[in-house]
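Participant: turn this into a model:
(one chain, ligands or ions: 1)
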Amino acid sequence: MSCINQFKGTGSDGESISVVYAEQPSANIAFALAFTGDQLPRLVHWGRPLADPKAALALYDATRPQRVSGVLDYTPWPSVLPTQAEGWMGTSRFNVARDGVELFCKFVVNNVTIGKHDNNGIAGADVPTVTVNAVDNEQGVGLVWTAELLPGGLIRQHATVRNLADGELEVNKVELGFALPANANEVLTTTGHHLRERQPQRHLLGVERIEKNSVVGRPDFDASLLLAAGEPGFGFEHGDVYAVHVAWSGNSTLTAERTPYTQTLIGGGEVLLSGEIALAKGDEYATPSVFGAYGDGLNEIGIRFHSYVRSLHPELTAKPRPVMLNTWEAVFFDHNFDTLKALADKAAASGVERYVVDDGWFGSRRDDTSGLGDWQIAQDVWPDGPKSLKALADYVHAKGMEFGLWFEPEMINPNSNTYRAHPDWVLKPAKNRMPMEGRHQQVLDLSNPDAYQYIYNSINGLVDELGIDYIKWDHNKQVTEGVSPYTGRPAVHSQTLAVYRIWHDLKAAHPGLEMESCSSGGGRMDLGILRYASRVWTSDCVDPVEREDTQRYTSLVVPPCMMGEHIGHSPAYATHRATSQEMRMTMAFFGHMGIEWNLLKEPDEALAKLGEWVTEYKKHREWFAKDICVHADQCDPAVRVDGMVKPDKSAAIYRYTMLTTSSTYPNAPVHLPGLDPDANYRVYPLAVNLNLDASGANVGFSPLGWWNEDGIVLPGRALTTYGIRPPELNPAQAALFAAVKA
Ligand code: GLA
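Facilitator: Take a look at the predicted model:
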């Protein structure tokens, strides 16, 4: 059971102080905030629980800075929202203005409440919460700041800013932060571009500020799901590390900052455009939630995020993830009833349970130059009658599969009937100038109630008409110069809220409807959209070699069972790299498995193999929705070991991958993270990796003595240290094996 307590005392300078201490014992995590006078609180502990929570009072004295020469009379000791009025000399984190003139606020705390609540959406009342009400009366600005300690151990901060005075209050920036221990100065973020999302980059943080900004109306490919700062050399399995994530699908920033006077602060918030938020008296602006995760290694950070995201999505465990087929890389825009029906037959025969018709079914959308925004079924391709889209949906349903359909509702081709009828429905910076196009498209203005209603009604109607079970929601253009002609203001903030509203309303209107967030692959995945999305499309690149790290770093926030992982064509369309079918299937194994491949052109042997792998996947997928995802630290840059471990450590499945040639020959033994060191485990290859001949005899995938159904029994401690000798694999090969308590 969690706890939250407030202790009062007196500091060595005679000042009265209080400490709020919150703990989630099951997640082995706690934090402490110190309050003094009427100032905003300071984070004085974050990590493992303290043996004596009351001793947190002494942390105020123990960590406060002394006065030094050359600065203001109070040495900066950043609060949760530091301002110059409290002596903060770093980058401005709170910026509000009236009539374009910046206000410098000094917040006075007038009320602190602690308690537990049921955290709307998370079952149970086990979320310790501290809420701080503060005000700058003279400037007419109110602030409510909240921190919650979620059951899986994430800290969630958010704030609202209220205009208490006459005249508009412009809100330009609210950046919430976490102060870290001083040695947390190695920073990890990810970068990327289309077809190569979430590639790690690291550096030591000097006395400086670094920012990862997303300013194109979505997190984008380069967005870091996390900014992590930890002790130098931290890895997946070891090292104190603290990470922050902004739960927002529009413009956002993630930052790490050290000044000559303070330790590292990590944090983030929404990036607001000038004039985007203007509050009338009494109105308020709510920040996105900023999540913090502490871990001994990145694996523990992933566990915390997965626990939270899963708590939002009971469907993950209630319904084992249906194996999908998506038509995109199978047929691209080449739609017709006979082909897609034949593909549905092959899909069903391979064990597919959800059939998703991708782009190309509506309006004049025979390629990407026209028709986007015309959400009416294309009569020239899907004529009413026996070969209609409805007939295909019925056929798919009759085969026992769910029917899914692709939409890109926020976007519009200027060459479309909808644009011709409503040229004013598009975001644009000036009356006579449109933003630069991307993929021949512009962005629909969802601040405009007519445009919003058109989109909602179109999708809602089609869900009813076709019996749609699943929506793949795409977003393929960076939102630049996004001003709403309807409101006359920048509209990324309102656009983001409008998308959340449509997703919420569609799901509420159609219980059981699942939705996927796609944005040219992984351009929009964050805990904002993941409140609603049951799946993300991880990357448009399904080349399994490229996918290894993309999936690995995506899995630090997104549970693998929510990551779309598709078995595609070889050579891959994105890279022209040829890979074996086994490699492609292995890389899709831990995630939400799908197929994006023209099965009509594949020989029976390939389909039979695919069917076997789908069957094997189905044996484990129920557990993948609950398992702990682990990644091993390996010194060989060619090698990856990733695993899914049952929470009680009774069993695990590991994937051993060789990306390139290895520095050792044969490959060095690999250790298996996450097991119980005091138990014995039988380690053996999964059936699909055994290579049995028609009579069932093992004809050998590997000459290793243990590579057979019997495997080998080893102590957990040996497996987690020296480990096992893996099969010798060529580059771009991977193998799966299990470890089950003996
Ligand atoms: C984007 C998506 C793809 C596919 C195409 C369709 O690129 O990421 O998966 O849906 O659009 O145009």
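
Participant: what helix or strand does the residue in the chain that the ligand sits nearest to sit in?
Facilitator: For the chain and the ligand, the shortest gap (C-beta to the nearest ligand atom) falls at residue 359, measuring 3.5 Å. Quick note: C-beta positions are derived from backbone N, CA and C, even for glycine. According to DSSP states H and E, residue 359 maps onto no helix or strand at all.

Participant: please shift the residue numbers so they start at 873 in all later answers.
Facilitator: Shifting the count to begin at 873 puts that one at residue 1231.

Participant: can you tell me the closest non-neighbouring residue to it?
Facilitator: Leaving aside its chain neighbours, residue 1231 sits nearest to residue 1278 (5.2 Å; criterion: C-beta to C-beta, 6 or more residues apart in numbering).

Participant: next one: residue 1485
Facilitator: residue 1457 (4.4 Å).

Participant: which is the next helix or strand following the strand or helix carrying the one you found?
Facilitator: Assigned by DSSP H and E, residue 1457 belongs to helix 1453-1459. Later in the chain than helix 1453-1459, the nearest helix or strand by DSSP H and E is strand 1464-1468.

Participant: residue 1488 touches residue 1561, doesn't it?
Facilitator: No: judged on C-beta atoms under 8 Å, residue 1488 makes no contact with residue 1561 at a distance of 9.2 Å.

Participant: that older thread, the residue of the chain closest to the ligand: what's it in contact with?
Facilitator: 1200, 1204-1205, 1237, 1240, 1278, 1280, 1346 (C-beta atoms under 8 Å, 6 or more residues apart in numbering).

Participant: which one's more surrounded, residue 1488 and residue 1561?
Facilitator: residue 1561 (20 against 17; other C-beta atoms under 10 Å).

Participant: pretty sure that one is touching residue 1573, no?
Facilitator: Yes: between residue 1561 and residue 1573 there is a contact under C-beta under 8 Å: 5.6 Å.

Participant: so what sits against both of these two?
Facilitator: Common neighbours of residue 1561 and residue 1573 (C-beta under 8 Å, 6+ apart) are residue 1607.

Participant: re the thing from before, average pLDDT for the helix holding residue 1457?
Facilitator: Helix 1453-1459 shows a mean pLDDT of 97.

Participant: and residue 942, how far from residue 1081?
Facilitator: Remark: distance between residue 942 and residue 1081 (C-beta to C-beta, to the nearest Å) = 20 Å.

Participant: dump the residue contacts of the residue nearest the centre of the chain.
Facilitator: In the chain, the centroid-proximal residue (C-alpha atoms, centre = their mean) is residue 1398; its distance is 4.0 Å. Neighbouring residues of residue 1398 by C-beta under 8 Å, 6+ apart: 1091, 1095, 1097, 1117-1121, 1124.

Participant: okay, the residues you listed in TSV with neighbour count and distance to residue 1506 next?
Facilitator: Below are those laid out as TSV (neighbours: other C-beta atoms under 10 Å; distance: C-beta to C-beta, whole Å):
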residue	neighbour count	distance to residue 1506
1091	27	29
1095	26	26
1097	25	22
1117	27	26
1118	34	30
1119	21	31
1120	26	34
1121	31	34
1124	26	32
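
Participant: now list the buried members of the contacts of residue 1231.
Facilitator: 1200, 1237, 1240, 1278, 1280, 1346 (16 or more other C-beta atoms under 10 Å).

Participant: out of these, which are inside helices?
Facilitator: residue 1200 (DSSP state H).

Participant: now render the buried ones among the contacts of residue 1231 as JSON lines, adding distance to residue 1369 and pLDDT.
Facilitator: Conversion of the buried ones among the contacts of residue 1231 to JSON lines gives the following (distance: C-beta to C-beta, whole Å; pLDDT from 0 to 100):
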{"residue": "1200", "distance to residue 1369": "29", "pLDDT": "98"}
{"residue": "1237", "distance to residue 1369": "28", "pLDDT": "98"}
{"residue": "1240", "distance to residue 1369": "28", "pLDDT": "98"}
{"residue": "1278", "distance to residue 1369": "23", "pLDDT": "99"}
{"residue": "1280", "distance to residue 1369": "19", "pLDDT": "98"}
{"residue": "1346", "distance to residue 1369": "19", "pLDDT": "98"}
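
Participant: sort out for me which of the buried ones among the contacts of residue 1231 are in strands.
Facilitator: Among these, DSSP state E puts residue 1278 in strands.

Participant: would you list the buried ones among the contacts of residue 1231 in JSON lines and tack on distance to residue 1306?
Facilitator: Shown next, in JSON lines, are the buried ones among the contacts of residue 1231 (distance: C-beta to C-beta, whole Å):
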{"residue": "1200", "distance to residue 1306": "28"}
{"residue": "1237", "distance to residue 1306": "20"}
{"residue": "1240", "distance to residue 1306": "17"}
{"residue": "1278", "distance to residue 1306": "25"}
{"residue": "1280", "distance to residue 1306": "18"}
{"residue": "1346", "distance to residue 1306": "21"}
